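*Asks:* Predicted model and sequence below, questions to follow.
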Amino acid sequence: AAYTSDVVIVGAGGAGLTAAIEAANNGASVILLEKMPMEGGNTLISGGEYAAPGNWLQKEEGIEDSKDTFYEDILKGGDYENDPELVRILADNALESAEWLRDEVNVTFEDYLLFFGGHSVKRSLVPKDASGVELIGKLTKKAQEVGVITHLNTTAKELIVENDKVVAVKAEFDGKEITYNANNGVILATGGFGSNLEMRVKYNPEMNEKILSTNSVGSTGDGITMAENVGAELVDMQYIQTYPTCDPELGTLLYVGDVRMEGRSILVNKEGKRFVEELERRDVISKAVVEQTGGVSYMFWDEASMKASGVNVKHKREYDYLIENGILVKADTIEEAAAFFDIDAKELKKTVEKYNEYAKNGKDEEFNKRGTLTAFTDGPYYIMKSKPAIHHTMGGIKINKDANVIDTEGNVIKGLFAAGEVTGDIHGTNRLGSDAIADITVFGRIAGRNAAKAE
Ligand code: ADP
């Protein structure tokens, strides 16, 4: 069987759906292929937070921010291994694309911001219910409205090149081969390769089977392989990020832990001591956790912080699950909470007292924690056990600022575009929290527009 459209997009996560909407908005007929039975990918299971410098909530809160500050934060967070030209595009367009999500795609954002690690100011917007479900739900609806045709359970296998141009995608549905011809262009938006053990270890032997993963099972790097097979350059493949505070048994992201991004929890080890700045970069915290007893950390907070963050209400299902499975404990005293995990209670009490002192003086003498420090007051107290798990693959296909795929000789591959986690060089060695949603939205839109116009 065969289908033909102006633009064929592979992968219906955040980047693919965004690209599909913009391609359709620019007059193209669009077919979107997704190998899973539903849209969403890693975007769906993410918190959906979006770093947007100069956004409307920052203005209300009197937080000063700029495109340049964001640009510098992304570069610094990635150890300046990023492509500055791509970072510039991301930083300059992040706010406008957040407004596009809000105004054109009807995404509802909550009325508070989160402070993600490594950013110099609080700038991350939070979609309704702090969940990627809001983003994917609204993007899917919009895509339907603008006439995008989505084929689910359809796995792209190969790109077809004719006269130096990518002209089609070979895919498989129900064991049968289908060819999708693209009049104008193909966009790869297949996400990362965090769920592909073989590929992970090939590029970074430390990311072996012992490390759990937060990723969707669909994140197997298919787009990277397909692009490589037609000559694309791959960049930064060795940079694989772990998220520092995941379920110690399953590896899933723990949203109850977002109390940390409200600046209202500390991380301690079995010895009851802090060991890292809680709002540091993910790679720095992860590395520090691995060095602690048992390779785990314990997040501590009090009732006032629970109330202020509301993570037990926003993420009630997860909260109940964590309590039932002994991953989170709620106790009236610090001693009792510590005893549950066999943490040195005396030291933990000392740690809390010291932290409260820092909060009073407005300065964390040990780790220089950024943001506002809030003292822990009364119980009940909470402790959550967690460990790092694979979260984001920074490396991938090399693109230029127009989302064209670049080959190993530095030339544009005609008819081929890429956007989202499948691409590399935007986040350098380490992506900062909430930069991925900005990335997939900004570059998804660029890829969609340009593929629609390609010849
Ligand atoms: P991004 O954040 O870059 O949008 P996601 O992980 O959210 O990345 O989305 C990528 C999507 O691509 C997932 O839904 C995944 O199942 C899909 N996908 C991956 N490989 C293929 C493939 N070979 N064919 C079709 N869809 C694919």
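*Replies:* Nice, thanks for sending it over. Residues are numbered from 1 along each chain as shown.
*Asks:* in the stretch 151-300 of the chain, what spans have low per-residue confidence?
*Replies:* Counting by pLDDT under 70, the stretch 151-300 of the chain contains no low-confidence residues.
*Asks:* Residues of it that sit close to the ligand?
*Replies:* By the rule CB under 6 Å from any ligand atom, the part of the stretch 151-300 of the chain lying against the ligand is Thr155, Ala156, Ala189, Thr190, Gly191, Ser216, Gly218, Ser219, Asp222. In short, each C-beta sits where N, CA and C put it, glycine included.
*Asks:* mind running it again at 8 Å?
*Replies:* Residues of the stretch 151-300 of the chain found near the ligand (CB under 8 Å from any ligand atom) are 154-157, 171, 189-192, 215-223, 226.
*Asks:* List the ones among those that fall in helices.
*Replies:* Members of these lying in helices (criterion: DSSP state H): Asp222, Gly223, Met226.
*Asks:* of those, closest to Lys363?
*Replies:* Distances from those to Lys363 were compared by CB to CB; the smallest belongs to Gly223, at 46.4 Å.
*Asks:* Apart from its chain neighbours, what residue comes closest to that closest one?
*Replies:* Using CB to CB, 6 or more residues apart in numbering and skipping residues adjacent in sequence, the residue nearest Gly223 is Thr190, 3.2 Å away.
*Asks:* burial count for that neighbour?
*Replies:* Around Thr190 sit 35 other residues, with neighbours defined as other CB atoms under 10 Å.
*Asks:* Verify the contact between it and Lys157 for me.
*Replies:* No: in this structure, Thr190 sits apart from Lys157 without contact. The criterion is CB atoms under 8 Å, and the distance is 11.5 Å.
*Asks:* Overlap in contacts, those two.
*Replies:* Where contact means CB atoms under 8 Å, 6 or more residues apart in numbering, the residues bridging Thr190 and Lys157 through contact with each are Asp222, Met226.
*Asks:* For the ligand, state which of the ones in helices among the residues of the stretch 151-300 of the chain next to the ligand is nearest.
*Replies:* Asp222 (3.4 Å; CB to the nearest ligand atom).
*Asks:* which residues touch the closest residue in space to that closest one that isn't next to it in sequence?
*Replies:* Distance criterion CB to CB, 6+ apart; nearest residue to Asp222, sequence neighbours excluded, is Thr190 at 5.0 Å. Counting by CB under 8 Å, 6+ apart, Thr190 touches Val10, Gly11, Gly16, Ala156, Gly218, Gly221, Asp222, Gly223, Ile224, Met226, Gly420, Val422.
*Asks:* Now do Thr190 against Val148, distance only.
*Replies:* 17 Å (CB to CB, to the nearest Å).
*Asks:* Could you report the distance from Tyr381 to Thr245?
*Replies:* Relative to Thr245, and taking CB to CB, Tyr381 is found at 17 Å.
*Asks:* Among these two, which residue is more densely surrounded?
*Replies:* Between Tyr381 and Thr245, counting by other CB under 10 Å, Thr245 is the more crowded of the two (28 against 24).
*Asks:* Check which helix or strand the more buried one maps to.
*Replies:* Assigned by DSSP states H and E, Thr245 falls within strand 240-246.
*Asks:* Determine the set of other helices and strands touching that strand.
*Replies:* Based on contacts counted as 3 or more CB pairs under 8 Å, 6 or more residues apart in numbering; DSSP states H and E, the elements that strand 240-246 packs against are helix 282-290, strand 297-302, strand 381-393.
*Asks:* That one: which residues count as buried?
*Replies:* Neighbour-count burial for strand 240-246, counted by 16 or more other CB atoms under 10 Å, picks out Ile240, Gln241, Thr242, Tyr243, Pro244, Thr245, Cys246.
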